[in-house]
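**Student:** Using only what follows, build the 3D model:
(chains A and B)
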Amino acid sequence: MKVSPLDRKTNLSIFDRMLMMRYFEEAVLRLYQERRFASHFHLYIGQEATGAAVLEALGDKDLICTTHRNHGHLIGRGSDPGQTMAEILGRSTGLNRGRGGTLHASDPSRGFLSTSAIVGGCAGLATGAAFGIKTKRESNVAVGFFGDGSLEEGLVIESFNIAALWKLPVIYVCENNSAGAMGPQQGGYPTAITATDSFTRLPAAYGIHSAKVDGTDIAAVYATATEAVQRCRAGQGPAFIEAFTVRWPGSSPLWPEPATVTDLNEAWEPARIKGPHAAWLRDHDPLLRTARDIVAHGYASQDEVMAHDKDARARVETGATFAIESPMPLSETVHEHVFA
Amino acid sequence: MRKMSYAGAIVEALRTSLSEDPTFNLVGSYVLGLGPKRVLMDSIRTEFSDRLYDPPTSEAAIVSIGAGAAMAGARPFVDIGTASFSYVGWSPLVNEAAVARYMSGGSLRVPVVYHMLHGLRGGGAGQHSGSPQAMLWNAPGLEIVLPSSPYDVKGLMRSAIKSDNPTIFINHARLMDIEGDVPAEDYTVPFGRADIKRAGRDVTLVATSFVVHAALSAAERLATDGIEAEVVDPRTLVPLDHKTILDSVRRTGRLVVIDEAPLSCGVASELSAIVAEEGFEYLRSPVVRVTRPDIPVPFSKPLEDAITPTADKVITAVRRVMDPRAKSAATRLT
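**Tutor:** Reported below is the predicted structural model:
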């Protein structure tokens, strides 16, 4: 597929989403280290270009379901950083009043229907959301984000079959972050365990339009996602996108650790990149790559980029403060919200 | 009033809902099972062909798709078929549909109906006789409906389809041919309201679904001996009408609970526990449960008969609660 260069506005809009995702996750990690919440959690660092470019290609009425690595998708969709952080800290002001937490946060008011932390769960729900769209004769689309491990689940394969049979307007975005991952043998996160040599062969077997894309290239992801959205809106049925990223070094242990700290100046001053993870920062960090490209292609100056950087950091910090200062839910409210 | 079969009443409720709400769709169409009454669905198949999606054999996916479509604002009715197959779709049922509203902090509605046929059907054995109502009762967030009469099934199905919550609608294959009074006009039977199927002063029989008929038959036979049994049908387990059950036990002082789910942690166990906690002072004798025993369902007829909650077992149970000291006559009731 031919990838056209993005215009300045689209470039910066995607970049802004990425900045918010990155600084939000760095704040989550900091708040965890400050023992402000207790659960395990997953960070989206290293995959921002994929989520931000896919979300850029969507409209306000489109529906989103995601998996446990969800914070980036929520923030990229425009969920309030304060309410999202408050949910992660279990506060009453959280998106879900402290009932969901990091692993299950959702924001239905923005079409963000669900985070399913059951591996592959979101693929079925996104397919269902698309079925809902079809039966209501609407023209929006549903997107399901999941990792490569989800393709080990039968539900995902069953969903492909039904989406193809019923020509449902669903886009499956498989964020393949297994490259560079340590795997359980080295004490890291599990990675995909599969007999297939190419994930796109699985949906393709059902006739689903499938594409592989560099998940750190916003122009390529945006073009692929836009084509998928157009196909869905035109009633041409589901699409599958496999976006490749190299695993962020901080994901290596079972709990994320601050392996890298973002400094956008490294985008144009590579000599500043140091430390054990220099190779990842130099070659695979989508945020540095995007900042570098934006400046190199003249969409914005370094100063402009740094101004966006500052804004994003400030918005995240305001949200973090809101969350920290928010009250915990009252225990007597525990019975609320079971039934409509 | 007009007589109608249980299966016919289901079809009428579906037709009304399809006519009334364009966002209401059927995923799966063997709602009446595969018995002779299945042909009653043919009119719906023809009349509403664009509203009926026959899915592949993918129970997990159709349960998940039903939940996702409901989250997106549609109102799907997902037919799982034989209730034993619901176990294939367990994760989306209990991990998604049941908890979605709570996990969203009340910002999401999941108005989906999951329909299934439970119970001992004759030769269903270990994989076609499941009664998952107790297991599902252990998954908070699901409404659970267990009708027993043509009148109730029509009104409860209309309520289930209108409900904004995920609702498990459990029918029994053996109910399909039962005839009863069914008004032609549209009506709903509200959730959480038990029905006294037969009034009586001596003993309360609480039963659900098909075994309501075993309880009613037992009650008629007991009446010839001068024992008047009251038969209470909760109709929905979630929400559950505690009051009607407790009021009945207060009047009779005795309780037998009958259900097709296995004994341990079963529907009868929970109902017995509720009466023990909230109505202990009303009881003049220990509660007796008549359920399936804690074994898989066998195939061979005499073996299946041995585990079926029958009118005979209900009568034995009633004699025991009427005279607790006669326990020596202990027949296995489960």
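
**Student:** which strand of chain A spans the most residues?
**Tutor:** strand A:170-179 (DSSP state E).

**Student:** and it, what does it pack onto?
**Tutor:** Under the contact criterion of 3 or more C-beta pairs under 8 Å, 6 or more residues apart in numbering or on different chains; DSSP states H and E, strand A:170-179 touches helix A:48-56, helix A:121-135, strand A:142-147, helix A:154-165, helix A:218-233, strand A:239-246. (Each C-beta comes from the backbone N, C-alpha and C, glycine too.)

**Student:** Residue B:72: which of the ones you listed is closest?
**Tutor:** helix A:121-135 (3.1 Å; C-beta to C-beta).

**Student:** returning to what we had before: which one of the helices and strands packed on strand A:170-179 lies nearest to chain B?
**Tutor:** Closest approach to chain B among the helices and strands packed on strand A:170-179 (C-beta to the nearest C-beta): helix A:121-135, 2.1 Å.

**Student:** mind saving the C-alpha coords of the closest one as PDB?
**Tutor:** Taking Å, rounded to 0.1, in the frame of the first residue of the first chain, the C-alpha atoms of helix A:121-135 are listed here in PDB:
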ATOM      1  CA  GLY A 121     -11.600 -11.200  25.400                       C
ATOM      2  CA  CYS A 122     -11.700  -7.800  23.600                       C
ATOM      3  CA  ALA A 123     -11.700  -9.400  20.200                       C
ATOM      4  CA  GLY A 124     -15.100 -11.000  20.900                       C
ATOM      5  CA  LEU A 125     -16.500  -7.800  22.400                       C
ATOM      6  CA  ALA A 126     -15.300  -5.700  19.500                       C
ATOM      7  CA  THR A 127     -16.800  -8.200  17.100                       C
ATOM      8  CA  GLY A 128     -20.000  -7.900  19.100                       C
ATOM      9  CA  ALA A 129     -19.900  -4.100  19.100                       C
ATOM     10  CA  ALA A 130     -19.600  -4.300  15.300                       C
ATOM     11  CA  PHE A 131     -22.600  -6.600  15.200                       C
ATOM     12  CA  GLY A 132     -24.500  -4.000  17.300                       C
ATOM     13  CA  ILE A 133     -23.500  -1.400  14.800                       C
ATOM     14  CA  LYS A 134     -24.600  -3.500  11.900                       C
ATOM     15  CA  THR A 135     -28.000  -4.400  13.400                       C
END
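
**Student:** tell me the SS of residue B:107?
**Tutor:** coil (DSSP: H, G, I helix; E, B strand; the rest coil).

**Student:** who touches it in this structure?
**Tutor:** A:95-96, A:106-109 (C-beta atoms under 8 Å, 6 or more residues apart in numbering or on different chains).

**Student:** Need those residues in JSON lines (columns: secondary structure).
**Tutor:** Formatted as JSON lines, the contacts of residue B:107 follow (three-state DSSP):
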{"residue": "A:95", "secondary structure": "coil"}
{"residue": "A:96", "secondary structure": "coil"}
{"residue": "A:106", "secondary structure": "coil"}
{"residue": "A:107", "secondary structure": "strand"}
{"residue": "A:108", "secondary structure": "helix"}
{"residue": "A:109", "secondary structure": "helix"}
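
**Student:** Most widely separated two among those residues?
**Tutor:** A:96 and A:109 (11.5 Å).

**Student:** More neighbours: the two, which one.
**Tutor:** Neighbour totals were compared for residue A:96 and residue A:109, and residue A:96 leads with 26 against 10 (other C-beta atoms under 10 Å in any protein chain shown).

**Student:** how far away is residue B:95 from residue B:57?
**Tutor:** Distance, residue B:95 to residue B:57, by C-beta to C-beta, to the nearest Å: 21 Å.

**Student:** Looking at the two, which is more packed in?
**Tutor:** Neighbours were counted for residue B:95 and for residue B:57 using other C-beta under 10 Å; residue B:95 has more, 18 against 10.

**Student:** How many residues are close by the closest residue to residue B:68 other than its chain neighbours?
**Tutor:** Counting by C-beta to C-beta, 6 or more residues apart in numbering or on different chains, the nearest residue to residue B:68 once its immediate chain neighbours are dropped is residue A:128, at 2.1 Å. Residue A:128 has 41 neighbouring residues, counting by other C-beta under 10 Å.

**Student:** cool, the one 3 residues further on as well?
**Tutor:** Number of residues near residue A:131 (other C-beta under 10 Å) recorded here: 30.

**Student:** Please give the element, helix or strand, for the closest residue to it other than its chain neighbours.
**Tutor:** Leaving out its chain neighbours, the residue that sits closest to residue A:131 by C-beta to C-beta, 6+ apart is residue B:69, at 4.5 Å. Taking DSSP states H and E as the criterion, residue B:69 maps to helix B:59-71.
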